[in-house]
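# Quick one, what's the 3D model for this:
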Amino acid sequence: MNLAFLIVAAVELIAPADRSVVKLLPECQREILVGKTLAEREAMFDADKKGDRHLLKAGHVWRTGMPVVFSWKATDGESGPWELEVSRNADMSGARRFMFKTKTPPKDGVYTNALPYANYEIGRRYYWRVTSNIICHKYAHGRTCDCKDRKPPVQSAIRSFETEDVAPRWIMLQGQAGNIRDLGGRIGLGGRRVRQGMIFRGTRFEENSIDGIAPGESRLTVSDLRYLHDSLGIKTDLDLRMEYEVANAKQSQLGPDVRYIQRSSNGYKRIFGRGKKVMAENFREFLDEKNYPIYFHCAAGADRTGALAYVLNGILGVSRHGLETDWEATFYPTIPDQEHRDNPKFWCRESHFNEGFEKYGDANTPWNKRIELYLLDCGVTAEEIEKFRSIMLE
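Numbers count the residues shown, from 1 in each chain. So this is what the prediction gives:
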């Protein structure tokens with residue numbers, strides 16, 4: 001920020017407390033995702049369906065993260081509008097800026113604001129500060145200002161907070177597109193973290209075509225488009241839907257400069273049959289660094305999207321627990337299975353992955369290695385797998 005006559009003084013930052021750890025997931029998600037085995041998760045949801053209702057009562061917080069709530073106190077009459085800056089860097093370089101227009105201070109002088117669409121990475125340290133009296137365009141850009149009764153802006157000190165290291169990192173938008181998350185964040189091979197901000201998985205950007213001819217309406221707001229295109233910097237839109245679902249679309253909803261690939265893909269047990277060829281084709285989209293960041297999706301971001309995400313994270317060495325809970329997160333809190341509703345072995349159809357990957361290797365073969373053997377069987381080479389790992393592991 002370049003503000004003339006900037007005063008560093010009496011604005012007191014309250015929350016997040018300096019060097020504190022901030023939770024990004026609702027408690028109902030955390031209690032399932034942290035340390036629970038498959039049997040324990042099954043038991044929790046089974047009890048809920050039989051009358052516990054603890055998980056169902058949580059409401060619409062299953063495919064979403066919690067906003068970080070910021071609060072600060074004006075101790076010497078400072079007032080808004082305010083600018084909140086959040087940066088990955090201690091010198092505040094590259095900060096994202098958020099404006100709050102409130103001018104009248106609360107009685108206790110404490111301002112509180114939440115940022116539901118900030119979408120912080122997990123396991124990261126962030127730095128923040130606020131500046132008061134951001135009104136005049138000239139003044140905000142360091143030029144001479146003759147505004148009547150103009151008070152100079154007051155800037156707080158810089159404080160930091162750390163986001164909790166629990167995946168997934170949900171990406172919240174204002175429109176109807178949901179179930180969007182960062183593929184990265186979990187720990188992979190050799191203790192190396194899967195890079196965040198590189199691959200995103202989610203739902204469709206526009207409604208499915210009704211007749212296979214006319215495309216569906218957009219599900220994104222103008223702010224969503226700006227965030228996905230400019231902030232996340234999506235360069236590739238890999239659409240796993242069928243041709244009739246997209247009405248033979250030739251362009252991404254994000255614009256003509258985003259590379260768009262429509263490739264009819266498979267989910268569940270079909271990835272082990274006719275879907276192997278398509279799996280290899282999809283995997284190769286992730287081998288060119290120029291394609292990143294990549295957004296891949298089907299209609300709901302569940303079945304076809306979940307199958308590809310399972311393989312990608314599996315190749316990167318994410319634990320079986322991480323693979324399973326990432327797959328399941330789409331279906332919480334009900335875990336539906338229409339074909340085998342009363343058979344726990346088919347819970348959320350994870351049995352399709354269990355049975356499919358168990359055919360590769362033997363009883364002593366690690367789960368990630370089985371997924372690697374599967375991908376090799378799809379026609380992908382060992383060199384291509386290593387290329388993907390070199391791109392996606394920190």
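
# just for the protein, where's the confidence low?
Filtered on pLDDT under 70, the chain yields the residue ranges 1-9, 103-104, 134-151, 336-342, 344-345.

# Work out which residue lies at the spatial centre of it.
Nearest to the geometric centre of the chain sits Arg181, at 2.9 Å (C-alpha atoms, centre = their mean).

# Quick check: that residue vs Arg30, distance?
Here Arg181 is placed at a distance of 15 Å from Arg30 (C-beta to C-beta, to the nearest Å). Every C-beta, even on glycine, is put in place using the N, C-alpha and C of the backbone.

# give me the beta-bridge partners of the residue nearest to the centre of the chain?
Listed by DSSP bridges, the beta-bridge partners for Arg181 are Trp170, Arg201.

# Phe98 is in contact with Leu115, isn't it?
Yes - with contacts counted by C-beta atoms under 8 Å, Phe98 reaches Leu115, the gap being 6.1 Å.

# list the residues that contact both of these two?
Common contacts of Phe98 and Leu115, defined by C-beta atoms under 8 Å, 6 or more residues apart in numbering, comprise Leu84, Val86.

# can you map out the strands along the stretch 251-394 of the chain?
259-262, 294-297 (DSSP state E, counting those that start in this stretch).

# Single out the most deeply packed of those strands.
Stretch with highest mean neighbour count among the strands of the stretch 251-394 of the chain: strand 294-297 (a mean of 23; mean count of other C-beta atoms under 10 Å).

# ok, back up a step: can you put the strands of the stretch 251-394 of the chain in TSV and add distance to Ala309?
Rendered in TSV, the data for the strands of the stretch 251-394 of the chain read as follows (distance: least, C-beta to C-beta, whole Å):
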stretch	distance to Ala309
strand 259-262	16
strand 294-297	8
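
# Tell me which of the ones you listed sits nearest to Ser231.
Proximity to Ser231 (C-beta to C-beta) singles out strand 294-297 among these, at 12.8 Å.

# sorry, back to before: tell me the contacts of the residue nearest to the centre of the chain?
Arg181 neighbours (C-beta under 8 Å, 6+ apart): Pro168, Arg169, Trp170, Ile171, Phe200, Arg201, Gly202, Asp326, Ala329.

# What is the nearest of those residues to Phe45?
Once C-beta to C-beta is applied, the member of the contacts of Arg181 that ends up nearest Phe45 is Ala329, at 12.7 Å.

# for the chain, what's the longest helix?
helix 303-315 (DSSP state H).

# Tell me which residues are up against that helix.
183, 186, 188, 194, 199, 201-203, 240-241, 265-268, 271, 275, 279, 282-283, 286, 296-298, 322-323, 326-327, 330, 353, 367-368, 371-372, 374-375, 385, 388-389.

# And stretch 78-86, by the same measure?
With C-beta under 8 Å, 6+ apart as the criterion, stretch 78-86 contacts 1, 10-11, 70, 92, 95-105, 111, 113, 115, 118, 126-135, 151, 154.
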